[in-house]
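Asks: Next input, structure requested:
(4 chains)
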Number of protein chains: 2
Amino acid sequence: MVVFAGQGDARRSMELLWAPRVVAPRTGPGPKPGLSVEAIVAAAIDIADAEGMAALSMRSVGERLGRTAMALYTYVPGKTELVDLMYDRTLAELPSAFPVSSGWRPAAVASAGSLWDLHLRHPWLLQVSPARPVLGPGEFHVQETLLSVLAATGLPLPRVRWVVSALFNIVRGSVQAAAESRQAARETGLSEEDWWYARPALLGELAPDLSTRFPTVARLGEEGAYEASDDEPYLEREARLSFEAGLELLLDGVEAAIVKASGPR
Amino acid sequence: MVVFAGQGDARRSMELLWAPRVVAPRTGPGPKPGLSVEAIVAAAIDIADAEGMAALSMRSVGERLGRTAMALYTYVPGKTELVDLMYDRTLAELPSAFPVSSGWRPAAVASAGSLWDLHLRHPWLLQVSPARPVLGPGEFHVQETLLSVLAATGLPLPRVRWVVSALFNIVRGSVQAAAESRQAARETGLSEEDWWYARPALLGELAPDLSTRFPTVARLGEEGAYEASDDEPYLEREARLSFEAGLELLLDGVEAAIVKASGPR
DNA sequence: GTACATTACTTTATGCTGTAAGGAGTCGTC
DNA sequence: GACGACTCCTTACAGCATAAAGTAATGTAC
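Replies: Presented below is the predicted three-dimensional model:
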């Protein structure tokens, strides 16, 4: 299923990503195309947003457009490429205006927050990129945005790239937890709280020696951090806090690096 | 496919995770079992290690054990639970001895490195956990190990958890890049270098305005960081450097937090 | 105006997937 | 020896991506 394209396929899919109409509007014989790559990608994104990646099939996309699954193959080489397109088009949604005029740090926090929001709006993004780097304009756009914000730290660019990559990973990892919590609630019908509380109950029964085998984890469980909140679901709040805290830690590290670089002058 | 288990199924799968033999060795009538949950999980892990997650099917696992796919259902409720078991058993491989006697920081680096190695040995781990938290002994073991190392910072435990979570995300994210590079090379037949160089060539052709649209990215491309290495594949080395750098940044941030907490006394 | 090449889209078919249902054979207990 | 529990198998089904071939629509060349 996860297939790495050969040379020729790579060219075709790069063209789709970068050159919406390599071939101009279409002239010559044959029936007019009723669909378009963009329409197909948009429909696919709609499905993934609403029903999750599991509900995305060539059939379901075709159906939404009033066609059969096979009709899509006129426009798109295969499902893999379609998903790549979905991924890249969605990344392009990231806003780009994060002015560093009042310092790089607020801009970094704001851009990371936007990235978090983006992933929360389109949680299926998390199931895509594991496969392989897509290397489309959307991905470049995200890289450019984050890189330019953090370039304002004055650190050498290769180091900035590492910062960006760490930041990206922190966002993705923590938003995953938030997305999981939503999905679990939706699919089990259980509220997130019920689900969360049902597990420890089982655990206590099946592994009564838990607090001696994993003392620190147990201590963590006791030392609060489990206060309930009313409007924001528990797991989601935890994930957001973890994201914000991780980001702060990372940025503190960046500040330390700046001091270290310019300090002993 | 990604199905969240209901209440009853949750119990069954937790039993599998925690109580290898809730039912003692088997007495009573009927033929002796020729397989075991552990054997099945081991076979599945072998397949995933060698041929990737895409090659893992109930049929392929059964075949490796000289049975049909359906035979597995005597031992395991379904594929989802089997994957959960694979995941948790593999996490349990993480070494636990990271003495903090000579400071928390070397221990943190060492444990993160072990986690990196673990993921590189079993890259399919990255395709599993997106689904949902497994909550088995292996996962607890990892949490306990990392938490206890970073508890030595003296920070309050809830904050330590955020550190652990950020660290985990950095490892997972960067190891993904390394794993992708290996997989791409294996599946395309192209060497990693060829693959890596083929793309930019295409890019330059399809998007000649790349350096004006994404100036910072372009500048990054120019400012080196692309020196080749001989023994370690390029992308893999990049990923490892990014991992190490991200980790350092994070730990610098942790140190700053320690100072801040104990500083203004 | 008609033949033809080209294209959009459909139908049909193949080989995968996970797993439900029911049957065959094996064993311990009565 | 009969029974019931148990492992494992065969068969079957719905769903998946997609290959192959067919149908109908359209612009161009004659």
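Asks: Just checking the distance from stretch A:83-102 to the centre of its chain.
Replies: Between the centre of stretch A:83-102 and the centre of its host chain there is 11 Å, according to CA atoms, centre = their mean, to the nearest Å.
Asks: Check stretch A:133-145 too.
Replies: Between the centre of stretch A:133-145 and the centre of its chain there are 13 Å (CA atoms, centre = their mean).
Asks: swap in stretch A:201-215?
Replies: On the basis of CA atoms, centre = their mean, stretch A:201-215 sits 34 Å off its chain's mean C-alpha point.
Asks: Over to stretch A:253-265?
Replies: Offset of stretch A:253-265 from its chain centre (CA atoms, centre = their mean): 31 Å.
Asks: Buried residues in that stretch, which are they?
Replies: Across stretch A:253-265, burial judged by 16 or more other CB atoms under 10 Å in any protein chain shown covers A:Gly253, A:Val254, A:Glu255, A:Ala256, A:Ala257. From N, CA and C alone the C-beta is placed, and that goes for glycine too.
Asks: Does chain B have contacts with that stretch?
Replies: Yes - contact check for stretch A:253-265 against chain B, using CB under 8 Å from any CB of the partner chain: residues in range are A:Gly253, A:Val254, A:Glu255, A:Ala256, A:Ala257.
Asks: returning to what we had before: could I get the buried residues of stretch A:253-265 as TSV with pLDDT, secondary structure and distance to A:Thr145?
Replies: Formatted as TSV, those follow (pLDDT from 0 to 100; DSSP: H, G, I helix; E, B strand; the rest coil; distance: CB to CB, whole Å):
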residue	pLDDT	secondary structure	distance to A:Thr145
A:Gly253	97	helix	21
A:Val254	97	helix	17
A:Glu255	96	helix	21
A:Ala256	95	helix	24
A:Ala257	95	helix	21
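Asks: and of the residues you listed, the nearest to B:Thr212?
Replies: A:Val254 (27.8 Å; CB to CB).
Asks: Get me the contact residues on chain A for DNA strand C.
Replies: Residues of chain A found near DNA strand C (CB under 7 Å from any atom of the strand) are A:26, A:28-35, A:62, A:66-71, A:73-75.
Asks: For ChimeraX, what selects the buried ones among those residues?
Replies: In ChimeraX, a selection of the buried entries from the residues of chain A next to DNA strand C looks like this (16+ other CB under 10 Å):
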select /A:35,62,67,71,75
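Asks: Please flag which of the residues of chain A next to DNA strand C sit within helices.
Replies: If you go by DSSP state H, the residues of chain A next to DNA strand C have A:Gly62 in helices.
Asks: Within the helices and strands, which one has A:Thr212?
Replies: Taking DSSP states H and E as the criterion, A:Thr212 maps to helix A:210-213.
Asks: For that helix, which residues meet the burial criterion?
Replies: For helix A:210-213, a neighbour-count test (16+ other CB under 10 Å) marks A:Leu210 as buried.
Asks: list the helices and strands it packs on?
Replies: helix A:215-222, helix B:137-151 (3 or more CB pairs under 8 Å, 6 or more residues apart in numbering or on different chains; DSSP states H and E).
Asks: Quickly, which of these bottoms out on average pLDDT?
Replies: The minimum mean pLDDT among the helices and strands packed on helix A:210-213 belongs to helix A:215-222 (a mean of 88).
Asks: Next SSE downstream of whichever helix or strand A:Gly113 is part of?
Replies: Per DSSP H and E: A:Gly113 is located in helix A:104-121. Using DSSP H and E, the helix or strand that follows helix A:104-121 in sequence is helix A:125-128.
Asks: what about that following helix, near chain B?
Replies: Yes - shown here: helix A:125-128 in contact with chain B (CB under 8 Å from any CB) through A:Leu126, A:Gln127.
Asks: Tell me the confidence at A:Leu16?
Replies: In this model, A:Leu16 is scored at 90, pLDDT.
Asks: if we can go back for a sec, got a markdown table for the helices and strands packed on helix A:210-213, with distance to A:Glu139 and mean neighbour count too?
Replies: Listed next are the helices and strands packed on helix A:210-213 as a markdown table, based on distance: least, CB to CB, whole Å; neighbours: other CB atoms under 10 Å in any protein chain shown:
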| stretch | distance to A:Glu139 | mean neighbour count |
| --- | --- | --- |
| helix A:215-222 | 37 | 16 |
| helix B:137-151 | 30 | 22 |
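Asks: Including distance to A:Gly204, could those go into CSV?
Replies: As requested, the helices and strands packed on helix A:210-213 are arranged in CSV below (distance: least, CB to CB, whole Å):
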stretch, distance to A:Gly204
helix A:215-222, 11
helix B:137-151, 13
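Asks: Quick one: these as TSV, columns for distance to DNA strand D too.
Replies: Listed next are the helices and strands packed on helix A:210-213 as TSV, based on distance: least, CB to the nearest atom of the strand, whole Å:
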stretch	distance to DNA strand D
helix A:215-222	33
helix B:137-151	23
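Asks: For A:Ala198, which of those is the nearest?
Replies: When the helices and strands packed on helix A:210-213 are compared by CB to CB, helix A:215-222 sits nearest A:Ala198, at 15.2 Å.
Asks: outside of that closest one, which residues touch it?
Replies: Outside of helix A:215-222, the residues within contact range by CB atoms under 8 Å, 6 or more residues apart in numbering or on different chains are A:200, A:210-211, B:140, B:143-144, B:147-148, B:151, B:157-158, B:160-161.
Asks: Could you pick out the residues of chain A near DNA strand D for me?
Replies: Counting by CB under 7 Å from any atom of the strand, the residues of chain A close to DNA strand D are A:27-32, A:56-60, A:69-70, A:73, A:78-80.
Asks: mind listing which of the residues you listed are in strands?
Replies: Judged by DSSP state E, these include no members of strands.
Asks: one step back: please tell me how far the helix holding A:Gly113 is from the chain's geometric centre.
Replies: Helix A:104-121 sits 12 Å away from the centroid of its parent chain (CA atoms, centre = their mean).
Asks: Please apply the same query to stretch A:170-177.
Replies: 8 Å.
Asks: Kindly report the same for stretch A:121-141.
Replies: Worked out by CA atoms, centre = their mean, stretch A:121-141 lies 7 Å from the chain centre.
Asks: Lowest mean pLDDT among the helices and strands of chain A, which one is it?
Replies: helix A:192-206 (a mean of 72; mean pLDDT, DSSP states H and E).
Asks: where does the stretch 151-265 of chain A dip in pLDDT?
Replies: Within the stretch 151-265 of chain A, the stretches with pLDDT under 70 are A:184-197, A:224-230, A:264-265.
Asks: Swap in 80 and give it another go.
Replies: Counting by pLDDT under 80, the ranges of the stretch 151-265 of chain A that qualify are A:180-202, A:221-235, A:263-265.
Asks: try the stretch 1-150 of chain A
Replies: Within the stretch 1-150 of chain A, the segments meeting pLDDT under 80 span A:1-10, A:19-27, A:129-134.
Asks: Go again with 50.
Replies: Applying pLDDT under 50 to the stretch 1-150 of chain A flags residues A:1-7.
Asks: Please tell me how far the residue sitting furthest away from the middle of chain A sits from B:Ala256.
Replies: For chain A, the residue at maximal distance from the C-alpha centroid (CA atoms, centre = their mean) is A:Pro29, at 42.0 Å. Plainly put, A:Pro29 is 69 Å away from B:Ala256 if you go by CB to CB, to the nearest Å.
Asks: If you count neighbours, what's buried in the helix ranked longest in chain A?
Replies: If you go by DSSP H, chain A has its longest helix at helix A:157-188. Neighbour-count burial for helix A:157-188, with 16+ other CB under 10 Å as criterion, is recorded at A:157-185, A:187-188.
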